[in-house]
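Undergrad: Whatever this is, show me its structure:
(one chain, ligands or ions: 1)
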Amino acid sequence: MTRTTVTVRPAEPSDLEAIMRIDEKLTAQTRKDYWRTRLDIAGLRPPWMSSVAEMDGRIVGFLFGWVGESEFGITGATGWIDMIGVDPAYRGRGVGQALVERFINGGRELRAIQKVATLIDLGQADVREFFTRLGFHHGPMIHMEKEIR
Ligand SMILES: CC(C)(COP(=O)(O)OP(=O)(O)OC[C@H]1O[C@@H](n2cnc3c(N)ncnc32)[C@H](O)[C@@H]1OP(=O)(O)O)[C@@H](O)C(=O)NCCC(=O)NCCS
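TA: Residues are numbered from 1 along each chain as shown. Model (predicted):
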């Protein structure tokens, strides 16, 4: 597929509607309060941790992450990607890759991260394939949880 230019820049509060529109396509949910809070938090963090991607003059993807130091017993600084989403109409054109690269470059330059990690749903084969293509592999940890009633 053609790879037209993708631009990655810090997410801003005014990106709310565009991010919500993409999220609605991915999750079938409208989460205005959720995204407003996420963008408020993003404003408190370094700009490279929360990005949007633009193509053809419109927002076509987003990535939100943070950096942890020795969290979960992992030594050193680790960049965690907790949300990534690309508009289905713009997939396969390098948008997701550009978002991850921006996050890794920012983390390496500004926080000296030695690792980048994420949690994915094993049922989402596309997301798993994407991260595998970018050089991620299945790590040694497992996710544990318990319902609280
Ligand atoms: C996973 C996702 C981010 C990929 O974005 P994308 O912009 O299409 O990915 P890219 O075009 O940058 O692809 C990068 C590499 O991954 C590969 N890739 C991407 N999606 C793939 C898939 N479904 N199967 C196999 N490979 C895939 C590409 O072929 C490319 O490899 P190449 O450079 O060797 O050709 C996007 O499909 C998405 O947003 N999925 C839904 C995620 C979601 O549900 N988010 C909500 C919860 S966080």
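
Undergrad: I'd like the next helix or strand past the longest strand that the chain contains.
TA: The strand that spans the most residues within the chain, counting by DSSP state E, is strand 58-69. Where DSSP states H and E defines the elements, the next helix or strand beyond strand 58-69 is strand 77-86.

Undergrad: Any part of the next helix or strand after that next one near the ligand?
TA: Downstream of strand 77-86, the first helix or strand assigned by DSSP H and E is helix 95-111. Yes: contact of helix 95-111 with the ligand (CB under 6 Å from any ligand atom) involves 95-97. Backbone N, C-alpha and C define where each C-beta goes, glycine included.

Undergrad: buried set for helix 95-111?
TA: 95-100, 102-104, 106-107, 111 (16 or more other CB atoms under 10 Å).

Undergrad: how about the helix or strand where residue 23 lies: buried residues?
TA: Assigned by DSSP H and E, residue 23 falls within helix 16-27. Within helix 16-27, the residues that count as buried by 16+ other CB under 10 Å are 18-20, 22-23.

Undergrad: Pick out the residue in the chain sitting closest to the ligand.
TA: residue 96 (2.7 Å; CB to the nearest ligand atom).

Undergrad: can you pull the pLDDT of that residue?
TA: pLDDT, residue 96: 98.

Undergrad: Verify the contact between it and residue 131 for me.
TA: No: using CB atoms under 8 Å, residue 96 makes no contact with residue 131, being 9.2 Å away.

Undergrad: Give me the three-state assignment for residue 8.
TA: strand (DSSP: H, G, I helix; E, B strand; the rest coil).

Undergrad: At the contact with the ligand, which residues of the chain appear?
TA: 26, 83-86, 91-97, 126-127, 129-130, 133.
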